[in-house]
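Asks: Can you look at this prediction? I've put the sequence above it.
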Amino acid sequence: MTDLTIRAVGARAEPHAAVPTLVFDLALEESTGQLVESIALRCQIRIEPHRRRYSPEEERNLIELFGESPRWGDTLKPFLWTHASTIVVGSRRFLESCGFHAIRNGGLHH
């Protein structure tokens, strides 16, 4: 049986894409020595807006989405952004970059 660890190690905007695209770097490691031929990876990407601080300008821009900032204790909740999937081909240790187009027509597109 395999023992697979998957970690997100980075995220960046793809500067040469035709549409706004985010690339997520994932580190995958199999610790038992088993050879991993491929993996069908499905990811759920969630946004947790309550986990960061916002500048006054950002607060003004978020009023339509979350209401006035005094209400954020009730309105600033985590939410599902998208589901994404990819096929990873590799070995015992590998790094996979998954590129996803930014929101277009209500969701991400791979």
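Replies: It's in.

Asks: same for the helix or strand hosting Leu80, what does it pack against?
Replies: Here Leu80, judged by DSSP states H and E, is contained in strand 79-89. Judged by 3 or more CB pairs under 8 Å, 6 or more residues apart in numbering; DSSP states H and E, strand 79-89 is in contact with strand 38-47, strand 93-104, strand 107-109. Heads up, the C-betas are built off the backbone N, CA and C, glycines and all.

Asks: For the residue most central in space within the chain, list the residues it contacts.
Replies: A centroid search over the chain (CA atoms, centre = their mean) returns Ile45, at 4.6 Å, as the residue closest to the centre. For Ile45, the contacting residues are 80-84, 108, by CB atoms under 8 Å, 6 or more residues apart in numbering.

Asks: I'd like those residues laid out as CSV, including distance to Tyr54.
Replies: As requested, the contacts of Ile45 are exported to CSV (distance: CB to CB, whole Å):
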residue, distance to Tyr54
Leu80, 21
Trp81, 18
Thr82, 22
His83, 27
Ala84, 26
Leu108, 23
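
Asks: want to throw those residues into TSV with distance to Ile6 and pLDDT?
Replies: Listed next are the contacts of Ile45 as TSV, based on distance: CB to CB, whole Å; pLDDT from 0 to 100:
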residue	distance to Ile6	pLDDT
Leu80	19	90
Trp81	18	85
Thr82	17	83
His83	16	86
Ala84	13	84
Leu108	19	35
